[in-house]
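> Need a 3D model of the following:
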Amino acid sequence: MTRPLLDELDRRLIGALHLAPRATWDDIGEILAADASTLKRRYDRLHEARMVRVIGQADWGVHSTAMPVHVFLDITGESPLAVLHRLRDLRHLQLLAQISGDYPLYAVVHAPSEAATSEAIDRMFSVPGVRRVNALPALSTLRRGITWDPQFLTDTERAELLKLTGTRPEGTATATPPAKPLSEAERGVVAQLLQDGRASAASIARTADLATSTAHRVVRRVLDEGWVKPRLEIVSEWLGFRTAFILRLRVAPGATPEVMRRIDRLPQTRLAAHVASDMSVLATGLVADRSALALFVDNELASIPGLLGVSVAVMLAEPRRYWLDRDLTTGLGAFHAPRLL
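Numbers count the residues shown, from 1 in each chain. Prediction:
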């Protein structure tokens with residue numbers, strides 16, 4: 001597949017969709033001072049090239065009663081990529097990566113229950129080449145990738161898009177189920193928005209065999225309740241962000257909440273989690289290259305009080321991120337959306 005060549009408008013469009021994935025082309029066009037039909041054609045070209053896709057980020061409570069677990073794997077007698085390929089067949093793996101450091105592989109398990117989580121981690125031990133599994137259960141998670149911003153827009157454009165969407169900070173994620181079970185119509189809408197975060201109420205009505213007015217009402221409820229949040233996924237390397245990283249931070253007692261808040265405000269950060277480990281905060285992020293990572297560690301990270309130790313690893317390959325397979329040659333692949341409870 002030929003990698004799409006991006007101009008300035010393409011990059012600004014991608015920046016806008018990061019902030020407002022469901023915004024209409026007219027609204028985006030007004031803010032970017034661009035023609036709406038041109039923006040739609042640009043998006044369709046990038047989508048067909050498998051560079052971008054708007055999916056839905058499910059609220060944890062609609063697909064799990066458990067918190068995720070961050071897993072570092074040591075291997076023996078095999079290449080990391082060979083073992084990583086075998087891991088792809090296991091269930092409930094939200095993320096898979098080859099990383100630098102003592103543990104060559106990293107995964108995130110988010111199963112429907114604690115019992116299913118234990119089973120998923122147990123199965124990792126049976127994968128040929130896996131020698132040791134170090135599981136770090138998440139105690140709380142403050143950021144989950146949806147708010148990462150490539151910084152392609154002006155401050156004014158960013159403010160207008162955020163005003164348009166009414167976007168609020170993610171806040172601490174929990175596996176709290178909805179106050180009452182979802183109806184069949186709500187479940188159907190959630191399932192469709194997970195696969196296509198830009199799906200219109202009219203198209204959902206046709207697929208789910210609902211009245212258009214009913215689909216409009218249910219879509220609005222699903223989005224307002226936060227059961228699904230539209231999320232733009234990209235092949236970040238094709239945008240010039242070639243270095244994804246993982247931080248494991250040792251934090252002074254009592255400083256964890258403030259450290260996580262400070263990390264959450266950094267534009268390079270994709271995830272910030274408090275984990276059960278001697279390194280109590282785990283964060284992931286994305287920057288242009290390793291020089292930018294060095295500056296991030298020496299400047300932004302070093303300015304955060306309460307840090308007692310920092311372990312930095314580079315993601316050498318990331319064939320799955322947020323349930324979505326990706327490849328540097330063919331682009332975005334299969335989406336393994338979590339099953340609803």
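
> and the host helix or strand of Leu249, what other elements does it pack with?
Under the criterion of DSSP states H and E, Leu249 resides in strand 243-251. Judged by 3 or more C-beta pairs under 8 Å, 6 or more residues apart in numbering; DSSP states H and E, strand 243-251 is in contact with strand 281-287, helix 290-295, strand 307-321. Every C-beta, even on glycine, is put in place using the N, C-alpha and C of the backbone.

> Between strand 281-287 and that strand, find me the angle.
On the basis of axes from the mean of the first three to the mean of the last three C-alpha atoms, to 10 degrees, strand 243-251 is oriented at 150 degrees to strand 281-287.

> Identify the residues contacting strand 243-251?
97, 99, 106, 236, 259, 270, 277-290, 292-293, 301, 306-315, 318 (C-beta atoms under 8 Å, 6 or more residues apart in numbering).

> before we move on, the earlier item: indicate which one of the helices and strands packed on strand 243-251 is closest to Gln57.
Ranking the helices and strands packed on strand 243-251 by their distance to Gln57 (criterion: C-beta to C-beta) puts strand 307-321 first, at 12.0 Å.

> The closest one pairs with which strands, parallel or anti?
Sheet pairing for strand 307-321, assigned by DSSP bridges, gives strand 93-99 (antiparallel), strand 243-251 (antiparallel), strand 324-327 (antiparallel).

> Show me what secondary structure element comes after the host helix or strand of Arg187.
Taking DSSP H and E as the criterion, Arg187 maps to helix 184-195. Downstream of helix 184-195, the first helix or strand assigned by DSSP H and E is helix 201-208.

> hey, C-alpha coordinates of that following helix in CSV?
Provided in CSV are the C-alpha atoms of helix 201-208 (Å, rounded to 0.1, in the frame of the first residue of the first chain):
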residue,chain,number,x,y,z
ALA,A,201,-28.1,8.2,13.4
ALA,A,202,-29.7,7.6,10.0
SER,A,203,-27.2,4.9,9.0
ILE,A,204,-27.4,3.3,12.5
ALA,A,205,-31.2,3.3,12.1
ARG,A,206,-31.0,1.4,8.8
THR,A,207,-28.5,-1.2,10.2
ALA,A,208,-30.3,-1.7,13.5
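
> Going along the chain, name the strands of the protein.
Using DSSP state E, the strands of the chain run over 52-58, 69-75, 93-99, 105-109, 130-144, 228-234, 243-251, 269-275, 281-287, 307-321, 324-327, 331-335.

> and the shortest one, average pLDDT?
Taken as a whole, strand 324-327 carries a mean pLDDT of 95.

> Which positions in that strand come out as buried?
By 16 or more other C-beta atoms under 10 Å, the buried positions in strand 324-327 come out as Leu324, Asp325, Arg326.

> quick one: the closest residue to the last one other than its chain neighbours from Lys40, how far?
Leaving aside its sequence neighbours, Arg326 sits nearest to Leu332 (C-beta to C-beta, 6 or more residues apart in numbering; 5.4 Å). Taking C-beta to C-beta, to the nearest Å as the measure, Leu332 falls 19 Å from Lys40.

> Mind checking which of the two has more residues around it?
Set Leu332 next to Lys40 and count neighbours by other C-beta atoms under 10 Å: Leu332 wins out with 20 against 16.

> Pretty sure the more buried one sits against Ile55.
No. If you go by C-beta atoms under 8 Å, Leu332 and Ile55 don't touch, sitting 9.4 Å apart.

> what is in contact with these two at once?
With C-beta under 8 Å, 6+ apart, Leu332 and Ile55 have common neighbours Glu233, Leu324.

> mind listing the helices for the stretch 1-150 of the chain?
For the stretch 1-150 of the chain, applying DSSP state H, counting those that start in this stretch gives helices covering 8-19, 25-32, 36-48, 80-87, 114-125.

> Sounds good, over and out.
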